[in-house]
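# next comes the sequence, and after it the predicted model I'd like to discuss.
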Amino acid sequence: MDTPTIIQGGMGAGVSSWRLARAVSERGHLGVVAGTALDVILVRRLQLGDPGGHMRRALAHFPVPEVARGILARFFRAGGKSREEAFQGLPLAGAELGRERCDLIVAANFVEVWLAREGHSGSVGINYLEKIQFPTLPSLFGAMLAGVTHVLMGAGIPTAIPGILDRLAAGLPAQLDLSVLGAERKFQLAFDPAPYLEGAAVELGRPAFLAIVSSHTVASVMVRKASGRTDGLVVEGNLAGGHNAPPRGRMEKDERGEPVYGARDLPDVDAIAALGVPFWLAGSCASPVRLAEARARGAAGIQVGTAFAFCEESGLDPVLRRHAIDAMRRGDAAVFTDPVASPTGFPFKVLELSGTLADDELSRDRRRICDLGYLRQAYQRPDGSLGWRCPGEPVGIFVQKGGRLSETLGRKCVCNGLMANIGMAQRQKGGSEELPLLTCGADLDVVETMMAAHPGGYRAEDVLDYLLTPVPG
């Protein structure tokens, strides 16, 4: 396995785009695409007219041509839809994916990785969340079809994934236990790669698996008890963007309402090093000094997200990116670890920025709807069947499904917010357009450092040059 010095964080949805990953990989480091909601991202790019023809170029290389043709026939809009039109939606998916949705998930993951790998021989990874389970199996396979070299996964303890990668690499069917609230029996997701391999000249390699962990305990479980080989660890502290592990023990909050983290929440780096696999430190590590410190502690390097999130190759909508950077320069933006915003129940880092769902008033005014559904939780109904609910959906519907009213308080629609971040906001009935919800790490100084050196905007290569600056002495 390659052991890069810099891993570019897999920021979803679509912020860690194929362009960003390719720019990092071309420099010999690990570029990572975000694997969240790639099926929706693909169909919305096609409905926007596929500027540059990148989606169509990648789909032309998909090993099952009739699948690619079907996707284009359903979703491609020559010239693109008008802004006033809503995006054509996808049905909410569940444990039983139909062939059409399965095809779309496989193809979307293929497209993103294929484009990130195009034109160079460097390593490319893809990042998934363990908590988003229903698309996991076809997503992994689609990325493997395109030659992904690394799979990274966090937001849970993904012990089943290494063994699944082994089976998919061998062309064998795979199963994944579904996490179901109140389950009295086992529910499983299943995927058979055979339909995509028949008659196709495809050589599947087993990608390296990097588990994203926040403690020595979880790291030890992944290295010693996972279903297959864990090739490395990304050790992510609570200063990292996106979802954070909750504090150990009872959650307490400070005067701002943020979770209080203490000494017990700091990862034991020495114990992690003793596990004997490569590891990278993450969470406010984006500086030459922090990189040197990480390597002195035995790490192979660092994972960096926020600095790349605001570079030119990032998938962030350019207008939103400029708005955020200008607010940072004025001191009008701050990072808040929101304990309740995410429907997952995990603390979630939110960039407090005007005109976004970080504004509680704007969030309250938004009409609740769950039309993407990636963060829904599976639960067992009284009759034993499988149901799905989200604390961010309409309150009455959530309560009817057996959810508690208290679980809905303060929840934000992370799914729609993340899509708006990348210029793909849905226009809902009544004409309202979904608002962005930006997440980033707690350390905004690195963005200010980069902008001071590159006032007109900076590129991924500028971030790498900065991080790799030699440290005196």
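Cool, the structure landed.
# pretty sure residue 230 is touching residue 220, no?
No. With contact defined as C-beta atoms under 8 Å, residue 230 does not reach residue 220; the gap is 10.3 Å. Using the backbone N, CA and C atoms, a C-beta is placed for each residue, glycine as well.
# burial check on residue 265, number of neighbours?
Residue 265 has 18 neighbours, counted by other C-beta atoms under 10 Å.
# could you check how far it is from residue 241?
From residue 265 across to residue 241, the span is 17 Å (C-beta to C-beta, to the nearest Å).
# show me where the stretch 301-450 of the chain has strands.
Assigned by DSSP state E, counting those that start in this stretch, the stretch 301-450 of the chain shows strands spanning 301-304, 334-338, 348-352, 377-380, 386-389.
# quick one, helices of the stretch 1-150 of the chain?
For the stretch 1-150 of the chain, the helices defined by DSSP state H, counting those that start in this stretch cover 18-25, 38-47, 54-59, 65-75, 99-117, 136-145.
# cool, the stretch 301-450 of the chain as well?
Remark: helices assigned in the stretch 301-450 of the chain by DSSP H, counting those that start in this stretch are 306-309, 318-330, 360-365, 395-400, 414-421, 445-453.
# which secondary structure elements does the fifth one contact?
Pointing back at helix 414-421 there. The contact analysis (3 or more C-beta pairs under 8 Å, 6 or more residues apart in numbering; DSSP states H and E) places helix 414-421 against helix 38-47.
# apply 10 Å and report the result again.
With contacts defined as 3 or more C-beta pairs under 10 Å, 6 or more residues apart in numbering; DSSP states H and E, helix 414-421 has these neighbours: helix 38-47, helix 318-330, strand 348-352.
# report the buried residues of the second one.
Taking 16 or more other C-beta atoms under 10 Å as the neighbour-count basis, helix 318-330 is seen to contain the buried residues 320, 321, 323, 324, 325, 327, 328.
# count the residues that sit near residue 158.
28.
# who are the contact partners of the closest residue to it other than its chain neighbours?
Nearest residue to residue 158, sequence neighbours excluded (C-beta to C-beta, 6 or more residues apart in numbering): residue 130, at 4.4 Å. Residues in contact with residue 130 (C-beta atoms under 10 Å, 6 or more residues apart in numbering) are 136, 153-161, 179, 211-212.
# output the helix or strand bottoming out on mean pLDDT in the chain in CSV with nothing but the alpha carbons.
For the chain, using mean pLDDT, DSSP states H and E, the weakest element among its helices and strands is helix 360-365, scoring a mean of 88. Extracted in CSV, the C-alpha atoms of helix 360-365 (Å, rounded to 0.1, in the frame of the first residue of the first chain):
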residue,chain,number,x,y,z
ASP,A,360,-31.6,29.1,13.3
GLU,A,361,-34.4,31.4,12.2
LEU,A,362,-33.9,30.5,8.5
SER,A,363,-33.7,26.8,9.5
ARG,A,364,-37.0,27.1,11.5
ASP,A,365,-38.7,28.9,8.5
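# in that helix, what counts as buried?
residue 363.
# can you give the distance of it from its chain's centre?
Put simply, helix 360-365 sits 25 Å off its chain's centre (C-alpha atoms, centre = their mean, to the nearest Å).
# residue 70 is nearest to which of the helices and strands packed on helix 414-421?
The closest of the helices and strands packed on helix 414-421 to residue 70 is helix 38-47. By C-beta to C-beta, the value is 12.0 Å.
# as CSV, the helices and strands packed on helix 414-421 with mean pLDDT and distance to residue 216 would be great.
What follows is the helices and strands packed on helix 414-421, written out as CSV (pLDDT from 0 to 100; distance: least, C-beta to C-beta, whole Å):
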stretch, mean pLDDT, distance to residue 216
helix 38-47, 98, 32
helix 318-330, 94, 34
strand 348-352, 93, 23
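# so which of the ones you listed gets nearest residue 452?
The closest of those to residue 452 is helix 318-330. By C-beta to C-beta, the value is 9.4 Å.
# what angle do that closest one and helix 414-421 make?
Going by axes from the mean of the first three to the mean of the last three C-alpha atoms, to 10 degrees, helix 318-330 is angled at 90 degrees with respect to helix 414-421.
# what comes into contact with helix 318-330?
Contact with helix 318-330 is made by 15, 309-312, 314-317, 332-334, 351-356, 420-423, 436, 438, 440, 444-445, 447-448, 450-452, 455, 457-458, as judged by C-beta under 10 Å, 6+ apart.
# what subset of those is buried?
Among the contacts of helix 318-330, those classed as buried by 16+ other C-beta under 10 Å are 15, 309-312, 314-317, 333, 351-353, 356, 420-423, 436, 438, 440, 444, 447, 450-451, 458.
# buried residues in stretch 94-106, which are they?
Buried residues in stretch 94-106 (16+ other C-beta under 10 Å): 94, 95, 97, 101, 102, 103, 104, 105, 106.
# can you lay out these as TSV showing distance to residue 63?
Listed next are these as TSV, based on distance: C-beta to C-beta, whole Å:
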residue	distance to residue 63
94	27
95	26
97	19
101	18
102	15
103	12
104	15
105	15
106	10
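# just put the buried residues of helix 318-330 in CSV and tack on distance to residue 374.
Output for those, formatted as CSV (distance: C-beta to C-beta, whole Å):
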residue, distance to residue 374
320, 21
321, 23
323, 25
324, 23
325, 28
327, 28
328, 28
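# tell me the two of the residues you listed that are most distant?
Comparing all pairs in the buried residues of helix 318-330 by C-beta to C-beta, the longest separation belongs to 320 and 328, at 12.7 Å.
# so what pLDDT did residue 129 get?
On pLDDT, residue 129 comes in at 94.
# correct me, but it touches residue 10?
Yes. Using C-beta atoms under 10 Å, residue 129 is in contact with residue 10, at 9.4 Å.
# out of those two, name the residue with the larger neighbour count.
For residue 129 and residue 10, the more surrounded residue by other C-beta under 10 Å is residue 10, and the numbers stand at 31 against 24.
# what count of nearby residues applies to the spatially closest residue to that one that is not a sequence neighbour?
Counting by C-beta to C-beta, 6+ apart, residue 127 is the residue found nearest to residue 10 once chain neighbours are left out, at 2.3 Å. Residues lying near residue 127 (other C-beta under 10 Å) number 29.
# show me what residue 127 is bridged to.
Counting by DSSP bridges, residue 127 is bridged to residue 34, residue 152.
# returning to what we had before: now for the least confident helix or strand of the chain, which elements pack on it?
Helix 360-365 packs on no helix or strand, going by 3+ C-beta pairs under 10 Å, 6+ apart.
# which residues are in contact with that helix?
Contacts of helix 360-365 (C-beta under 10 Å, 6+ apart): 338, 341, 352, 354-357, 359, 392, 410-413, 417, 432, 435, 437.
# if we can go back for a sec, so for residue 19, which of the helices of the stretch 301-450 of the chain sits nearest?
With respect to residue 19, and counting by C-beta to C-beta, the nearest of those is helix 306-309 at 11.1 Å.
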